[in-house]
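Trainee: here is my input; please provide its structure:
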Amino acid sequence: MSRIGRLPIRVPQGVAVTIDGSFVDVKGPKGSSRVAMPQGCSVAQADGALSVARSGEERQDRAFHGLGRQLLANAVHGVSEGFKRVLEINGVGYRGEVRGQNILFNLGFSHPILFCLPEGITAKIEKQVVLTLEGKDRDQLGRTAAQVRGLRPPEPYKGKGIKYSDETVRRKAGKSGAK
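Mentor: Here you go, the predicted structure:
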């Protein structure tokens, strides 16, 4: 049995789960989400918890068992509490500004960059250099954070660029110069 797949998913108060064949609808205070369960996985609800079962012992079934359980757990967590990703903007003159559903970045290029946030993702900027992205869909939030980081990835000599708050940038020494 899959170590991840066999764990039950606790459904918090205020979250409603509807099972419709291979689809699971989850509704909560942060919105709603629809999860398509992988082939060979079924969901059962009992005593305020969800459990995912698989149909066979094939390698693909075992892999999809853990995947289906984690996708469902992410949906339940997303509609109840939401997900958050924090990025830092490092560099002299590098900054960001939220303008509605867009973020305006000054990242050392000859022009500012206007980044449009996808539907369901919100952004806050503190002190012009700490960017917090929030959303109910973990996958979409991760892709958006990666796209923002890709605008100016951190460089190894001075550490300038956009990085995740928990990321460490390995620094290089640079040129040693003439003796």
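Trainee: my read is that G14 contacts V26, right?
Mentor: No: between G14 and V26 there is no contact under CB atoms under 8 Å: 11.3 Å. Where you see a C-beta, it was placed from the backbone N, CA and C, and this is true even at glycine.
Trainee: so for these two, which residue has more residues nearby?
Mentor: Taking neighbours as other CB atoms under 10 Å, G14 and V26 compare with V26 leading, 24 against 11.
Trainee: separation between the more buried one and R85?
Mentor: 21 Å (CB to CB, to the nearest Å).
Trainee: check V92 too.
Mentor: From V92 to R85 the distance is 25 Å (CB to CB).
Trainee: looking at these two, which is more packed in?
Mentor: More neighbours surround R85 than the other of V92 and R85, with 21 against 7 (other CB under 10 Å).
Trainee: roughly how far does the residue nearest to C41 when sequence neighbours are not counted sit from A146?
Mentor: Leaving aside its sequence neighbours, C41 sits nearest to G68 (CB to CB, 6 or more residues apart in numbering; 3.9 Å). Using CB to CB, G68 is found at 24 Å from A146.
Trainee: which element, helix or strand, includes A73?
Mentor: Assessed by DSSP states H and E, A73 sits inside helix 59-80.
Trainee: and the helix or strand just after that helix, which residues are buried?
Mentor: Heading C-terminal from helix 59-80, the first helix or strand you meet, by DSSP H and E, is strand 83-90. Across strand 83-90, burial judged by 16 or more other CB atoms under 10 Å covers 83, 85, 87-90.
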